[in-house]
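Colleague: my questions concern the predicted model and sequence given below.
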Amino acid sequence: MAYAHSRNALGERQPLTSHLDATSRLAAQFAQGLGAADVARFLGLWHDLGKFHPQFQQFLLAAEAGHPLPRSPDHKAAGAILARKHLGLLALLLQGHHGGLDKAVALQGWLDNAVRKAAAEEALRLAQRAVADLEPAHPLALPAHAQRDKLSAELFLRLLFSALVDADFLDTEAHFFPAKAALRGAMPGMHDLWQRLEQAQATFSGQRQDVVGKARHEIYLHCVRAAEAPPGLFRLTVPTGGGKTRSGLAFALRHAALHGLKRVIFAIPFISITEQTAEEYRRIFETPDGPPVVLEHHSGHIADRGDDDTSWDGLAAENWDAPLIVTTTVQLFQSLFANNPSSMRKLHRLAQSVIVLDEAQALPRHLLTPILDVLRELAAHYGTTVVFSTATQPAFAAIPAFSDLQATEIVPQPERYFDTLRRVTYDWRTGAALGWHDVAGLMMQEKQVLAVVNTKADALTLLDALGDPHALHLSTLLCGAHRRHVLTEVHRRLANGEPCRLVSTQVVEAGVDLDFPVVLRAMGPLDSIIQAAGRCNREGRLSGLGRVIVFQPQDGGMPFGYYRTAADVAQEFVGRADPRDPDTPAAYFRRLFQSIDTDAQRIQECRTSFDFPETAKLFRMIEDNTEDVIVEYGSDDEKQAIRDNLDALRRGTDNSRLILRQLQPYMVSVYRRQAQTYRRQGWITDISPKLEGLGVWGGSYDPIRGLTCRDLDPSQLVV
């Protein structure tokens with residue numbers, strides 16, 4: 001008897017043939033939506049054939065007896081040889097099903113290693129005796145699109161790899177942790193969720209007779225009707241405050257229910273909006289005694305339904321086995337272009353799903369070509385519906401590679417709602433630059449006012465010029481928990497009619513639910529200006545229009561790269577176009593896409609050569625040249641919990657992953673180069689050699705300004 005895994009808690013070993021059979025059946029099930037069930041079945045059957053070798057069996061038994069051998073014999077090459085024989089490049093999937101996808105050019109050399117090859121051939125001889133129908137009787141066929149085009153083939157390999165590794169993970173889990181596996185239960189279907197949303201919406205939609213209420217109800221009805229259209233690419237163009245959070249959900253759920261799609265995935269650019277959206281959806285779909293529905297998956301989320309490793313949240317996050325997922329665009333696309341099994345495990349769930357990209361204008365411009373390419377492929381070949389949702393629709397068709405990109409407009413003639421929901425007037429003061437004291441003077445004339453600037457250094461300078469001890473501040477100088485507390489205080493002051501002057505960087509734009517009568521915005525990218533305007537008279541409660549003052553700061557900073565290029569392009573539209581007209585952002589994006597490289601990292605070249613490690617290295621939505629520092633912020637109880645968690649990390653703990661997620665709201669990111677300086681000055685102390693890139697902040701933490709110390713350069717923190 002050959003075994004796949006050692007004894008579990010019940011003292012039972014798993015026979016190798018049982019593991020191969022179960023993995024092959026699960027992989028075939030997962031790959032059904034990829035058009036590759038037969039191929040996946042054989043990959044599952046072959047993935048661990050090397051374990052038939054006597055040396056591996058000795059290794060397994062020795063480890064079980066507490067006398068592990070120095071290293072595990074290779075068990076991947078045997079199956080990879082069969083895959084190379086029948087499926088060519090798909091042998092990469094078996095080679096990488098534990099360590100990650102490698103580059104194609106290295107595959108043959110890896111297989112030709114004399115020692116590895118001899119052991120693999122011996123394992124295959126033993127496998128032939130143990131496994132019936134080990135090889136296909138007829139040629140295995142790949143989908144036509146995966147044979148025609150290298151980029152199509154590359155994405156197909158990723159999705160098929162996901163189906164294989166998820167099947168392998170799940171069957172291994174069922175052997176070692178049957179109780180954990182049993183927690184992965186049945187989910188409510190799309191029809192059920194759509195009916196729940198209809199019932200919830202009926203309690204208020206269409207009840208308001210004011211202009212905003214009527215427009216939101218009409219937009220909702222348009223989304224419901226548009227859901228009947230067949231799967232594909234869609235645009236949801238709705239002005240800020242038009243209710244697209246619920247209306248977009250209505251389209252997605254009804255569309256999924258009508259067309260047999262399996263889940264809805266909302267991908268959002270900012271964690272603050274992700275949390276806000278997930279909470280709203282939980283209120284609609286979840287009850288204290290009912291099953292979980294909404295999976296919130298991002299770096300800042302802490303599972304609140306039990307221990308992270310055994311909660312529904314923790315388990316569903318591993319492979320997105322949930323009906324409604326609210327995640328970040330970083331989580332979605334970093335996984336799509338990764339090469340490690342744990343990140344890629346969820347990818348097969350994207351097939352036959354609805355993906356709503358909220359605030360689509362915030363997709364990173366230097367990565368647009370690879371991002372749009374995979375989205376187009378998902379829609380064309382895997383039954384996926386993709387919705388680009390925003391008030392400022394990017395003109396993606398202006399990018400040469402996507403000139404034929406066609407997306408159906410969910411709300412017909414959306415420009416009429418931009419006119420109906422016109423709530424602000426723009427005051428352009430960009431002719432003569434204003435000093436920060438002038439900007440502060442404008443703020444002091446208002447009881448409630450928001451000022452949005454381009455850098456953290458500018459935010460601190462304006463705070464100093466303002467001289468208002470009650471002024472508030474939002475930027476990434478504040479940890480996440482601090483930013484949430486500031487937003488709570490802003491909401492309280494605005495609701496009670498109290499004075500409220502807020503100075504912020506771009507973190508307040510796009511989706512943050514604020515409603516000021518006056519907004520000041522430093523000259524910057526046009527889409528950022530329009531998003532800032534969405535924080536002005538958001539609910540239309542003013543008797544007249546809100547005021548958005550766009551100013552040119554005299555000594556203002558500007559982030560380098562694409563942000564600065566976009567700000568330069570925006571200058572061309574000052575005085576020539578109305579930002580309230582949806583044609584204006586479309587024209588702006590057309591002009592912008594002519595000025596930037598939407599594949600600056602040459603990721604498409606890496607993909608066509610099937611260099612998976614290099615693709616993963618180059619595709620970075622968030623630059624990895626930063627370090628995180630933990631600050632003591634909050635109530636006395638919060639601070640004590642932070643200290644206790646830090647002590648546990650210093651001692652070493654098996655629960656470090658959960659502890660780090662609990663500490664996430666108290667972290668601030670610093671560019672690595674500056675962090676090294678702060679470390680030499682004693683402002684940052686390391687926690688543990690195992691936690692490289694994470695330290696404890698030893699400087700002061702101001703209740704308004706956040707992270708601060710002598711000689712602190714705010715430009716060296718992350719915007």
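Modeller: That came through fine.
Colleague: tell me which element F234 is part of?
Modeller: Counting by DSSP states H and E, the element that carries F234 is strand 233-237.
Colleague: by how many degrees do the helix or strand following that strand and strand 233-237 diverge?
Modeller: Per DSSP H and E, strand 233-237 leads on to helix 244-259 as the next helix or strand towards the C-terminus. With axes from the mean of the first three to the mean of the last three Cα atoms, to 10 degrees as the basis, helix 244-259 and strand 233-237 are set at 150 degrees to each other.
Colleague: so T369 is in which element?
Modeller: According to DSSP H and E, T369 maps onto helix 368-381.
Colleague: and if you look at D74?
Modeller: Per DSSP H and E, there is no helix or strand for D74.
Colleague: wait, doesn't it sit right on R116?
Modeller: Yes: assessed by Cβ atoms under 8 Å, D74 is found in contact with R116 at 5.5 Å. In short, each C-beta sits where N, CA and C put it, glycine included.
Colleague: burial measure for H297, as a count.
Modeller: Using other Cβ atoms under 10 Å, H297 has 23 neighbouring residues.
Colleague: and it, what does it touch?
Modeller: D313, A316, A317, W320, I325, V326, T327, Q331 (Cβ atoms under 8 Å, 6 or more residues apart in numbering).
Colleague: now D464
Modeller: W436 are the contacts of D464 under Cβ under 8 Å, 6+ apart.
Colleague: just the C-alpha atoms of whichever strand or helix holds it, please, in PDB.
Modeller: Using DSSP H and E, the element containing D464 is helix 456-466. The C-alpha coordinates for helix 456-466 follow below in PDB (Å, rounded to 0.1, in the frame of the first residue of the first chain):
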ATOM      1  CA  LYS A 456       1.000  64.700   3.300                       C
ATOM      2  CA  ALA A 457       3.500  67.400   3.600                       C
ATOM      3  CA  ASP A 458       1.000  69.900   2.100                       C
ATOM      4  CA  ALA A 459      -1.700  68.600   4.600                       C
ATOM      5  CA  LEU A 460       0.600  69.300   7.600                       C
ATOM      6  CA  THR A 461       1.600  72.700   6.200                       C
ATOM      7  CA  LEU A 462      -2.100  73.700   5.700                       C
ATOM      8  CA  LEU A 463      -2.900  72.500   9.200                       C
ATOM      9  CA  ASP A 464      -0.200  74.800  10.600                       C
ATOM     10  CA  ALA A 465      -1.500  77.700   8.500                       C
ATOM     11  CA  LEU A 466      -5.000  77.000   9.600                       C
END
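Colleague: related to what we said a few turns ago, the helix holding T369 vs strand 233-237, what angle?
Modeller: Helix 368-381 and strand 233-237 are oriented at 120 degrees to each other (the same axes, to 10 degrees).
Colleague: show me what the next helix or strand after helix 368-381 is packed against.
Modeller: Next helix or strand after helix 368-381 toward the C-terminus (DSSP H and E): strand 385-390. Other helices and strands packing on strand 385-390, by 3 or more Cβ pairs under 8 Å, 6 or more residues apart in numbering; DSSP states H and E, are strand 233-237, helix 244-259, strand 354-358, helix 368-381.
Colleague: and of these, who's closest to R84?
Modeller: R84 sits nearest to helix 368-381 of all the helices and strands packed on strand 385-390, at 24.5 Å, using Cβ to Cβ.
Colleague: any idea how far the closest one is from the chain center?
Modeller: Relative to its chain's centre, helix 368-381 lies at 16 Å (Cα atoms, centre = their mean, to the nearest Å).
Colleague: name the residues that touch it?
Modeller: 35, 143, 145, 151-152, 155, 231-233, 333, 336-337, 350-351, 355, 363-364, 384-386, 396, 399, 401-402, 405, 593, 598-599, 603-604, 607, 619.
Colleague: of those, buried ones?
Modeller: The neighbour-count test (16 or more other Cβ atoms under 10 Å) applied to these identifies 35, 143, 145, 151-152, 155, 231, 233, 333, 336-337, 350-351, 355, 363-364, 384-386, 396, 399, 402, 405, 593, 598-599, 603-604, 607, 619 as buried.
Colleague: helices - which of these land there?
Modeller: When DSSP state H defines the helices, the subset of these inside them is H145, L151, S152, L155, F333, L336, F593, I603, Q604, R607.
Colleague: among these, find the lowest-pLDDT one for me.
Modeller: Looking at these by pLDDT, the weakest one is F593, with 92.
Colleague: can you give me the helices for the stretch 601-719 of the chain?
Modeller: With DSSP state H, counting those that start in this stretch, the ranges of helices along the stretch 601-719 of the chain come out as 603-608, 612-618, 636-651, 656-663, 672-680.
Colleague: which of the ones you listed sits closest to R246?
Modeller: R246 sits nearest to helix 656-663 of all these, at 28.8 Å, using Cβ to Cβ.
Colleague: tally of neighbours for G544?
Modeller: For G544, the count of nearby residues is 9 (other Cβ under 10 Å).
Colleague: where does pLDDT dip in the stretch 601-719 of the chain?
Modeller: When residues are selected by pLDDT under 70, those of the stretch 601-719 of the chain lie in 623-624, 709-719.
Colleague: buried residues in stretch 485-502?
Modeller: Within stretch 485-502, the residues that count as buried by 16+ other Cβ under 10 Å are V486, L487, V490, R493, L494, C500, R501, L502.
Colleague: which pair of these spans the longest distance?
Modeller: Greatest spatial distance among the buried residues of stretch 485-502 (Cβ to Cβ): L487 and R501, at 14.7 Å.
Colleague: low-scoring stretches of the chain, by residue?
Modeller: 272, 299-311, 510-511, 623-624, 709-719.
Colleague: neighbouring contacts of the longest strand along it?
Modeller: Criterion DSSP state E: the longest strand present in the chain is strand 424-434. Under the contact criterion Cβ under 8 Å, 6+ apart, strand 424-434 has outside partners 442, 519, 523, 533, 536-537, 545-554, 571, 574-575, 578-580.
Colleague: any idea how far it is from the chain center?
Modeller: Worked out by Cα atoms, centre = their mean, strand 424-434 lies 35 Å from the chain centre.
Colleague: again, but for stretch 416-435
Modeller: The chain centre lies 32 Å from the centre of stretch 416-435; the measure is Cα atoms, centre = their mean.
Colleague: buried ones in it?
Modeller: Within stretch 416-435, the residues scored as buried using 16+ other Cβ under 10 Å are Y417, F418, T420, L421, R422, R423, V424, Y426, R429, T430, L434.
Colleague: Q14 against H175, yeah?
Modeller: Yes: contact criterion Cβ under 8 Å: Q14 and H175 qualify, at 4.5 Å.
Colleague: separate out the buried members of the contacts of strand 424-434.
Modeller: Neighbour-count burial (16+ other Cβ under 10 Å) applied to these gives 442, 519, 523, 533, 536-537, 546-553, 574, 579-580.
Colleague: on that earlier part again, would JSON lines of the helices of the stretch 601-719 of the chain with distance to Q276 be doable?
Modeller: Compiled in JSON lines, the helices of the stretch 601-719 of the chain are given as follows (distance: least, Cβ to Cβ, whole Å):
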{"stretch": "helix 603-608", "distance to Q276": "31"}
{"stretch": "helix 612-618", "distance to Q276": "30"}
{"stretch": "helix 636-651", "distance to Q276": "21"}
{"stretch": "helix 656-663", "distance to Q276": "19"}
{"stretch": "helix 672-680", "distance to Q276": "30"}
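Colleague: nearest to L460, out of the ones you listed?
Modeller: Comparing the helices of the stretch 601-719 of the chain against L460 with Cβ to Cβ, the closest turns out to be helix 672-680 (15.6 Å).
Colleague: counting contacts, what elements does that closest one pack onto?
Modeller: Going by 3+ Cβ pairs under 8 Å, 6+ apart, helix 672-680 lies up against strand 626-630, strand 684-686.
Colleague: could I get the full set of strands for the stretch 151-300 of the chain?
Modeller: 233-237, 264-268, 294-297 (DSSP state E, counting those that start in this stretch).
Colleague: of all those, which lies closest to A459?
Modeller: Of all the strands of the stretch 151-300 of the chain, strand 264-268 sits nearest to A459, with 23.6 Å by Cβ to Cβ.
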